[in-house]
Every structure is written in structure tokens, then in C-alpha cells.
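S.K.: after the sequence you'll find the predicted model.
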Amino acid sequence: MGYLPAPRLHRIAKVIAIDLTHRIALLPPEAGHPKWTLPQRPALLGDNYTDTAYRLCRDLFPVRPMRIGTVTGHRWASAPERATLRREERFHIVRVAAGSADEISGRNIFWTPRAALDLWLDHPEVETVKVLTDGYLDGWLPDGPITLD
């Protein structure tokens, strides 16, 4: 039997896609929102976060080889304060095999260098992405889940 999430729990798989030049993929902002976003998709009932992230990457980069990293960031859902939707997030690092971001075309994806990430993403997300990518690329984060709370 599949995993049954708690009531009012929105499970989100987010992807930190990195090309060979260490640029990070962002998607266009939603209507009324000034900043770009990481690729993300809700995890369906019975799906785990890794499978959801893999399907999202397969949709974004259909002809590119990719590898999901062993480091994952977890932002756990907080305890409900009232009858609101709680949000739990998992960040997966994905290496996309491309010499540069410009080789990946046909999608509405913006590739930004890590150093310019704070120009495009909201502040709380920037810190999460910087910690995970720096630790992953520099090799100081251990394999496995990392709690971000």
C-alpha cells in the first residue's frame, strides 16, 4: 500500500539542475511574482520525492543525460497552526550533461551562474540552493538527506 500523507499536506519536489559549467536552471516567474523559481512539481499520492523529481527532469531535459545526486535537502512541514495547507519540500540536485546551458534549448529555462543566483530567486530559496550546491560541488556535504530547517 502507498504512503498516505497527512491531511492538508502539500508535498513538493524541487530540482536544482546544474549544467557542466555550474549554471543553475530556473523557470519563469508566475503571474504577479517578480522572481524566477526552481523547477518543481507536487508529489502525487503514492509517489516519492525522488521519482517525482526524476519525472520532472525527464520532461525538462528529454534528450540530455542526467544524474540525480545523492545529496537531498529536506524542509519539513511545520505543525499546523490552523486549518491551512502545510508544505513539505525536498530539494534534489541533478547534473545535466551539457557543455553549457546554451546547448539546452526549446524550453523556457533560464540558466544563471551560482554567483548571480540572488538576482533571480527569492532570498530564502537562494540560501538553500547556495548551501546545497556549494556543499555538493565542493564535496563537503555527506551523501543522503540534509535537514534545512
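M.R.: In hand now; what should we look at? Numbering: from 1, shown residues only.

S.K.: ok, now which ones touch the closest residue to F91 other than its chain neighbours?
M.R.: For F91, ignoring the flanking residues on the chain, the nearest one in space by CB to CB, 6 or more residues apart in numbering is G73 at 3.6 Å. From N, CA and C alone the C-beta is placed, and that goes for glycine too. Contacts for G73 were tallied using CB atoms under 8 Å, 6 or more residues apart in numbering; they are 89-91, 128, 131-132, 145-148.

S.K.: now do 7 Å
M.R.: If a contact means CB atoms under 7 Å, 6 or more residues apart in numbering, then G73 has 90-91, 128, 132, 146, 148 as its contacts.

S.K.: tell me the SS of it?
M.R.: strand (DSSP: H, G, I helix; E, B strand; the rest coil).

S.K.: longest helix in the chain, please.
M.R.: helix 123-138 (DSSP state H).

S.K.: now that one: buried residues?
M.R.: 125, 128-130, 132-133, 135-136 (16 or more other CB atoms under 10 Å).

S.K.: can you tell me the helix or strand for the residue nearest to T72 when sequence neighbours are not counted?
M.R.: Distances taken as CB to CB, 6+ apart place P145 nearest to T72, at 5.2 Å, with adjacent residues excluded. Using DSSP states H and E, P145 sits within strand 144-147.

S.K.: which outside residues touch that strand?
M.R.: Here strand 144-147 has contacts from 70-74, using CB under 7 Å, 6+ apart.

S.K.: and that strand, which strands flank it?
M.R.: strand 66-75 (parallel) (DSSP bridges).
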